[in-house]
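Student: Have a look at this prediction, sequence included:
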Amino acid sequence: MSQNKLRINVAFNVMGMVVPIAIALVTVPIYISYIGTARYGVLSIIWIVLGYFGFLDFGLSQASANALAKLTHTSKDERAEVLITSLYLNLSFGALGSIVLYFSGRLLLHHLQPLSDAMSTELDTAFPWIACMLPLALLAGLARGAIQSRERFFDLNLLDLIGFTLGQILPILCIIIIGPSLTVVIPAAFLARALSVGLNLGWVVRIEQLGTLRVFDHSRLKELLRYGAWVSVTNVISPLLTSIDQLLVGSTLGATAVAHYAVPMNLVNRSQMIAVALATALFPRFSRLGPEEAMLLSEKAVGTLGYSLGAICGLGIIIAGPFMSLWLGVNFASHATPVIELLLIGAWVNGIAFIPYSFLQGQGRPDLVAKLHALEFLPFIVVLWFLLHQFGLPGAALAWSGRVAVDAALLFKASRFPPYHLLRLVPAFVLLLASYVATQIANGSILWSGFLAGILLLAFTGCAIAFDQTA
């Protein structure tokens, strides 16, 4: 596989994330304007809970992607065995999961999120639609894995973009036409997801030339479940590690505080698009390559990613205050800006950790990833609870950044990544800290932020040329 193809795939993945960001920048203020901050906070919690219940695919989406990547040049019949076996399993687990979600998820949401009587009624009425989204999520994961295994990232991102656009625009249209209620937003979101999943499955049927659904291979079943069992452990713990902060914010400070935290967190997640794009493009290759070749590839990826992502996060820290004020208003920005500045420091560390994470799973060691996440869970809860009660929303951001730093260190250790290669990233980290310090002592004006952003960009470019071997 040529390096040019890898760069093109990464570019497709980045573009597939940039356009949704642009769409979200327009739609989020509309959502908040029409349904209010409290309802938007409730929606954020709903998507978190729904994402958590996605563990009920028992790692089969990732397992099938890994298996299919190794079968890229084999017959369509061998690939069909993996696809159809995974399809039937995901349908079964999705149906079971929707029942579990319906009866337990509603109680969980009411416990985690204090709600008014009117909003509680809206949530109860809309909850069957939420439960029915789970099978769709599992089928979408299977389809994405099949497309990813063939490195058809243009097709994958085009389908994702269509699905995201539907998921953003259709609920807004329904809110404007029918009314600003959860009983309107959630069914509209379900319809959008159903259309998106249908498009993805149709692509898989066409490309894989599936002629029959009467294939179920028990030997493949054992292989998929063996790999997926460890991925499922990660799928149980990882959503909690990435969302427990929002859940505790909601139960401690209320739904409005969730919005003040969730919006910065969503932006931070988007800032990691290069890391996600690169790790996604590398996963099929990590699955096919031997250990030495895969490690050489990961070393190059870490160096390049460290400086490119550092520039994004550093610039984000500097412009966060003026941007949030212009986007969502001064009052919202006063709560959200200290959060996003701290989160962006952690986002840089977390983004780099995508490479050893993808390396370990691609090389058939999802067990190591699962064990490390299990090790982190309880200490993170304790630190998060303490810092949240001591410092409020900035405390939660600090706890998250600390947790991802520990996670990155453990993943690099588990993958046996050469430590001296990480030393090349020290200048990038120093520049990142300098950008945070500058925002704390500067006056925060747009003109001053623009000046600092220009200086920082030049500094990152110079350090990348000096210290990144692939620059």
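Tutor: Received the coordinates, thanks. Predicted model, so just to flag it, every value in this text is computed and none were measured.
Student: Show me how far the helix or strand containing L166 is from its chain's centre.
Tutor: Counting by DSSP states H and E, the element that carries L166 is helix 153-177. Taking CA atoms, centre = their mean, to the nearest Å, the mean C-alpha location of helix 153-177 is offset from the chain mean by 17 Å.
Student: Check the average confidence over the next helix or strand after that helix, would you?
Tutor: Going down the chain from helix 153-177, the next helix or strand is helix 182-208, by DSSP H and E. Here helix 182-208 scores 85 as its mean pLDDT.
Student: for stretch 298-311, same thing?
Tutor: On average, stretch 298-311 scores 85.
Student: list the buried ones in the helix holding L166?
Tutor: 153-154, 156-161, 163-172, 174-175 (16 or more other CB atoms under 10 Å). C-betas here are computed from N, CA, C, even on glycine.
Student: who does the longest helix that the chain contains touch, helix- and strand-wise?
Tutor: If you go by DSSP state H, the chain has its longest helix at helix 3-52. Judged by 3 or more CB pairs under 8 Å, 6 or more residues apart in numbering; DSSP states H and E, helix 3-52 is in contact with helix 106-112, helix 117-149, helix 153-177, helix 182-208, helix 218-253, helix 255-271, helix 273-288, helix 291-328.
Student: tilt between the fourth one and helix 153-177?
Tutor: Looking back up the chat, that one is helix 182-208. 160 degrees (axes from the mean of the first three to the mean of the last three CA atoms, to 10 degrees).
Student: what angle do helix 182-208 and helix 3-52 make?
Tutor: Here the directions of helix 182-208 and helix 3-52 differ by 140 degrees (the same axes, to 10 degrees).
Student: same question, the last one
Tutor: Taking the same axes, to 10 degrees, one finds that helix 291-328 is oriented at 60 degrees with respect to helix 3-52.
Student: Measure how helix 291-328 sits relative to helix 273-288, angle-wise.
Tutor: 160 degrees.
Student: Buried residues, the next helix or strand after helix 291-328. List them.
Tutor: Toward the C-terminus, helix 291-328 is succeeded by helix 330-362 as the next helix or strand (DSSP H and E). Neighbour counts over helix 330-362 (16+ other CB under 10 Å) mark 332-333, 335-362 as buried.
Student: wait, what's in contact with R79?
Tutor: 68, 71, 208 (CB atoms under 8 Å, 6 or more residues apart in numbering).
Student: Mind picking out the helix or strand in this structure with the poorest mean pLDDT?
Tutor: The helix or strand of the chain with the poorest confidence is helix 106-112; it has a mean of 68 (mean pLDDT, DSSP states H and E).
Student: in the stretch 101-250 of the chain, which ranges drop under the pLDDT threshold?
Tutor: 109-115, 211-221, 239 (pLDDT under 70).
Student: One more pass at 50, please.
Tutor: Counting by pLDDT under 50, not a single residue of the stretch 101-250 of the chain qualifies.
Student: returning to what we had before: name the next helix or strand downstream of the longest helix of the chain, please.
Tutor: helix 60-70.
Student: Just confirm M119 contacts T183, I think it does.
Tutor: No: look at M119 against T183 with CB atoms under 8 Å: they stay out of range, at 10.6 Å.
Student: related to what we said a few turns ago, what about the longest helix of the chain, average pLDDT?
Tutor: Mean predicted confidence for helix 3-52 is 75.
Student: quick check, distance from it to the centre of its chain.
Tutor: Chain-centre distance of helix 3-52: 10 Å, with CA atoms, centre = their mean.
Student: could you give the angle of it to helix 330-362?
Tutor: Interaxial angle of helix 3-52 relative to helix 330-362 (the same axes, to 10 degrees): 110 degrees.
Student: can you list the weak-confidence ranges in the stretch 351-471 of the chain?
Tutor: Ranges of the stretch 351-471 of the chain meeting pLDDT under 50: 471.
Student: One more pass at 80, please.
Tutor: 440-454, 456-457, 459-471 (pLDDT under 80).
Student: and D124, what does it touch?
Tutor: D124 neighbours (CB under 8 Å, 6+ apart): R106.
Student: Spatially nearest residue to the residue most central in space within the chain (excluding sequence neighbours)?
Tutor: Nearest to the mean C-alpha position of the chain, by CA atoms, centre = their mean, lies N269 at 6.3 Å. Residue nearest to N269 in three dimensions, not counting chain neighbours: A347, with 7.9 Å by CB to CB, 6 or more residues apart in numbering.
Student: Could you check how far that neighbour is from S287?
Tutor: Distance, A347 to S287, by CB to CB, to the nearest Å: 26 Å.
Student: so the longest helix of the chain versus helix 117-149, what angle?
Tutor: 150 degrees.
Student: what angle do helix 3-52 and helix 218-253 make?
Tutor: Computed by the same axes, to 10 degrees, the angle between helix 3-52 and helix 218-253 is 60 degrees.
Student: angle of helix 3-52 against helix 255-271?
Tutor: Using the same axes, to 10 degrees: helix 3-52 against helix 255-271 is 160 degrees.
Student: count of residues packed around the spatially closest residue to P284 that is not a sequence neighbour?
Tutor: Leaving aside its chain neighbours, P284 sits nearest to A69 (4.0 Å; criterion: CB to CB, 6+ apart). Applying other CB atoms under 10 Å, we find 20 residues neighbouring A69.
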